[in-house]
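Asks: sequence and predicted structure below; questions after.
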Amino acid sequence: MILDKIVEATKIRVAQEKEVEMPKAVKAAALALPSDTGFPFEVALRQQDFNFICEVKKASPSKGIIAEHFPYLDIAKEYEVAGAAAISVLTEPDFFKGDKKYLQEIASTVKIPVLRKDFIIDEYQIYQAKVWGASAILLICACLDVPTLTKFRELADSLGLSSLVEAHDEKEVQMAIDCGARIIGVNNRNLKDFTVDVQNSVRLRNLVQDDVIFVSESGLETPEDIQVLRDNNIGVALMGETFMRSPNKVEKLAYLYGPTYYTPKVKMCGISKVDTIPAVVEAKPNYMGLVFAPSKRQVTVDQAKTLVEELHKQYAKTYSAVEAPMNAGTAQDSKEFVQENPNFESIKTVGVFVNETVDNLVAIANEVNLDAVQLHGDEDEAFIQALKEKTDVEVWKAVQIRSAADAEAWIDSSADMLLFDAYHKDERGGTGEVFDWSCLDEFERPFMLAGGIDSTNVARAIRTVRPYGIDISSGIETDGVKDDEKIKAFTNIVRTIAH
Ligand SMILES: O=C(O)c1ccccc1N[C@@H]1O[C@H](COP(=O)(O)O)[C@@H](O)[C@H]1O
């Protein structure tokens, strides 16, 4: 059987590797790394109602070479952008053409957790996985007995690594349960004859308790396959070949997930240069944000007026012929055009302030022609109510989140919109830091999600949090400057995944 051959080759490989890197040294290096990881692989696999582990795989014994051209880092980055929960990386060299460098480089590049996919028969390989940056290892029931599975799973736990324990039939599922697995994967491929039957994981699902993460592996290809898993209480799919053969992995994952049935509003914040306006107009977000608070993105009232006027002018020029053809071109300026075409919706403008007075807020909003003011300071409910009495512009309240209670405290606020951002001791916003979105799991009011949103996490943000809108600032910058290419890429991702 092929598995016996792989295990024999693995024994030889591990022996050779031990000659090159002494087990004592590898163990010491692994033990020197933090073990209080919080098991990000497991956390990620529970984050959404359905999650994908996407595999970086060059070849397999059953299919031969899958990817002649193998830009493994680009593939991994694309999986992250697409919204994969985790990435599986083959390190087995003889049969799967894997390599430790794939794991090392991918783990140090992406922010999502990485699984070492290999044939683990020796503790040495678990220490290696830790040193190479993995968050999880694969343990295969067909290669190990229950005492060894248990010992390896416990060792992985002690290092802060999760174990995906793979089974193929009833007996092996029982072995996985007996070794205390918290994640059980059922391989739909029979390693004896390579036949694939997606129903295999469905058939074995009921043998595993609900509190164990259940992964269906191999042979999955279509949205219908995924629906079958969902219908049978299976929340994770591990897929390799299907993704490897897809030229556009973002589109592929969106297709497998199916429609989101909503499109979040998008606010692009911290626009401070007229040069950026064409990219914003082309991207067509719902809101453009201008920062009036002290910040590297701060604009004066005069600069803001120019930016808003330029935005409306360029927007009208670009879209009026399509969206308001009757009056296109007759108005003298953009303000006049908007007045003459009340149904023509340009990009709305939001001013970002920290602890500004009510009078100043009203004056600036009028002068700049803002549609909303976003309050990022210590403004309380009484302040918001006082402000709302003096202006018709929308009032948004930004709240820094450390716990669910921080959001809950604002549930009854009279603010027109709540915006949740990452907590920072010294900064009021624009930090590029992400907070724990699970704090918003129970929050039942529309809100804007901010804080470190970028192209690599927006797909998961939309699918996991389903916010009313997404607010992005540093995520569309390079070296602190707004980047037209990032604005474009971000927009394409949101359009591809949310519809
Ligand atoms: O962007 C700023 O410089 C800023 C300064 C002061 C208050 C708020 C600010 N920006 C807001 O911060 C969040 C998150 O931004 P990021 O994507 O994490 O960089 C967003 O709401 C901005 O409007």
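Replies: Yes, it's here.
Asks: what average pLDDT does the top helix by length along the chain get?
Replies: Taking DSSP state H as the criterion, the chain has its longest helix at helix 301-323. Across helix 301-323, pLDDT averages out at 91.
Asks: give me the helices and strands touching it, please.
Replies: Secondary-structure packing of helix 301-323 (3 or more CB pairs under 8 Å, 6 or more residues apart in numbering; DSSP states H and E): helix 277-283, strand 287-291, helix 334-340, strand 348-353, helix 358-368. C-beta here means a position set from N, CA and C on the backbone, and glycine is covered the same way.
Asks: mind giving me CSV with those and columns for mean pLDDT, mean neighbour count and distance to the ligand?
Replies: Formatted as CSV, the helices and strands packed on helix 301-323 follow (pLDDT from 0 to 100; neighbours: other CB atoms under 10 Å; distance: least, CB to the nearest ligand atom, whole Å):
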stretch, mean pLDDT, mean neighbour count, distance to the ligand
helix 277-283, 98, 19, 14
strand 287-291, 98, 25, 5
helix 334-340, 65, 17, 24
strand 348-353, 98, 24, 5
helix 358-368, 98, 16, 14
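Asks: and those as TSV, adding distance to D157?
Replies: As requested, the helices and strands packed on helix 301-323 are exported to TSV (distance: least, CB to CB, whole Å):
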stretch	distance to D157
helix 277-283	45
strand 287-291	44
helix 334-340	61
strand 348-353	45
helix 358-368	53
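Asks: for A254, which of these is the nearest?
Replies: Each of the helices and strands packed on helix 301-323 has some distance to A254 by CB to CB; the shortest is helix 277-283, at 18.7 Å.
Asks: low-confidence ranges in the protein?
Replies: For the chain, the stretches with pLDDT under 70 are 321-339, 342-343.
Asks: need the residues of it near the ligand, please.
Replies: 269-270, 289, 291, 293, 295, 297, 352, 354, 376, 398, 419, 421, 428-432, 450-453, 471-475 (CB under 6 Å from any ligand atom).
Asks: which of the residues you listed count as buried?
Replies: Using 16 or more other CB atoms under 10 Å as the burial test, the residues of the chain next to the ligand include 269-270, 289, 291, 293, 295, 297, 352, 354, 376, 398, 419, 421, 428-431, 450-453, 471-475 as buried.
Asks: among the residues you listed, which ones are in strands?
Replies: G289, V291, V352, A398, L419, D421, D471, I472 (DSSP state E).
Asks: want to throw these into TSV with distance to M22?
Replies: Listed next are those as TSV, based on distance: CB to CB, whole Å:
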residue	distance to M22
G289	55
V291	54
V352	55
A398	53
L419	53
D421	48
D471	50
I472	47
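Asks: which SSE is V173 in?
Replies: helix 170-178 (DSSP states H and E).
Asks: put the alpha carbons of that helix into PDB.
Replies: C-alpha atoms of helix 170-178 as PDB (Å, rounded to 0.1, in the frame of the first residue of the first chain):
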ATOM      1  CA  GLU A 170     -15.200   3.900  11.900                       C
ATOM      2  CA  LYS A 171     -12.200   2.300  13.500                       C
ATOM      3  CA  GLU A 172      -9.900   5.200  12.900                       C
ATOM      4  CA  VAL A 173     -12.500   7.700  14.000                       C
ATOM      5  CA  GLN A 174     -12.700   5.800  17.300                       C
ATOM      6  CA  MET A 175      -8.900   6.000  17.500                       C
ATOM      7  CA  ALA A 176      -9.100   9.800  17.000                       C
ATOM      8  CA  ILE A 177     -11.700  10.100  19.700                       C
ATOM      9  CA  ASP A 178      -9.700   7.800  22.100                       C
END
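Asks: pull out the buried residues from that helix.
Replies: E172, V173, M175, A176, I177.
Asks: my guess is the fourth one contacts I184. True?
Replies: Okay, so that is A176. Yes: judged on CB atoms under 8 Å, A176 makes contact with I184 at a distance of 4.6 Å.
Asks: list residues touching both of these two?
Replies: V165, E166, A167, V208 (CB atoms under 8 Å, 6 or more residues apart in numbering).
Asks: what's the farthest-apart pair in these?
Replies: The most distant members of these, if one measures by CB to CB, are E166 and V208, lying 12.7 Å apart.
Asks: who has more neighbours out of the two?
Replies: Neighbours per residue (other CB atoms under 10 Å) separate E166 from V208, with E166 holding more: 25 against 20.
Asks: so the more buried one bridges to which residues?
Replies: Here E166 shows beta-bridge partners I140, G185, assigned using DSSP bridges.
Asks: shouldn't it be in contact with C143?
Replies: No: at 9.1 Å, E166 does not count as touching C143 under the criterion of CB under 8 Å.
Asks: which residues does the residue of the stretch 1-150 of the chain found nearest the ligand contact?
Replies: Closest to the ligand within the stretch 1-150 of the chain is K111: 14.5 Å, counting by CB to the nearest ligand atom. Counting by CB under 8 Å, 6+ apart, K111 touches E80, T456, N457.
Asks: repeat for L155
Replies: Counting by CB under 8 Å, 6+ apart, L155 touches E123, I126.
Asks: the host helix or strand of it vs helix 170-178, what angle?
Replies: Element membership for L155, per DSSP H and E: helix 146-159. Interaxial angle, helix 146-159 versus helix 170-178 (axes from the mean of the first three to the mean of the last three CA atoms, to 10 degrees): 40 degrees.
Asks: give me the buried positions along helix 146-159.
Replies: Applying 16+ other CB under 10 Å to helix 146-159 flags T148, L149, T150, F152, R153, L155, A156, L159 as buried.
Asks: now stretch 486-497
Replies: K486, I487, A489, F490, T491, I493, V494, T496, I497.
Asks: same question for stretch 176-195.
Replies: In stretch 176-195, counting by 16+ other CB under 10 Å, buried: 176-177, 179, 181-189, 191.
Asks: first-to-last residue distance for it?
Replies: 22 Å (CA to CA, to the nearest Å).
Asks: neighbours around K284, how many?
Replies: That count, for K284 with other CB under 10 Å as the rule, works out to 14.
Asks: could you pull up the residues touching the spatially closest residue to it that is not a sequence neighbour?
Replies: Leaving out its chain neighbours, the residue that sits closest to K284 by CB to CB, 6 or more residues apart in numbering is I347, at 6.9 Å. Listed by CB under 8 Å, 6+ apart, the contact set of I347 reads V280, V281, K284, P285, N286, Y287, M288, L311, Y315.
Asks: can you lay out the residues you listed as a markdown table showing distance to V131?
Replies: Formatted as a markdown table, the contacts of I347 follow (distance: CB to CB, whole Å):
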| residue | distance to V131 |
| --- | --- |
| V280 | 44 |
| V281 | 49 |
| K284 | 46 |
| P285 | 43 |
| N286 | 46 |
| Y287 | 45 |
| M288 | 46 |
| L311 | 51 |
| Y315 | 53 |
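Asks: before we move on, what SS does Y127 have?
Replies: helix (DSSP: H, G, I helix; E, B strand; the rest coil).
Asks: where's the nearest residue to it once chain neighbours are set aside relative to F52, distance?
Replies: Among residues not flanking Y127 along the chain, A30 sits closest, at 3.9 Å (CB to CB, 6+ apart). Distance of A30 to F52, computed by CB to CB, to the nearest Å: 28 Å.
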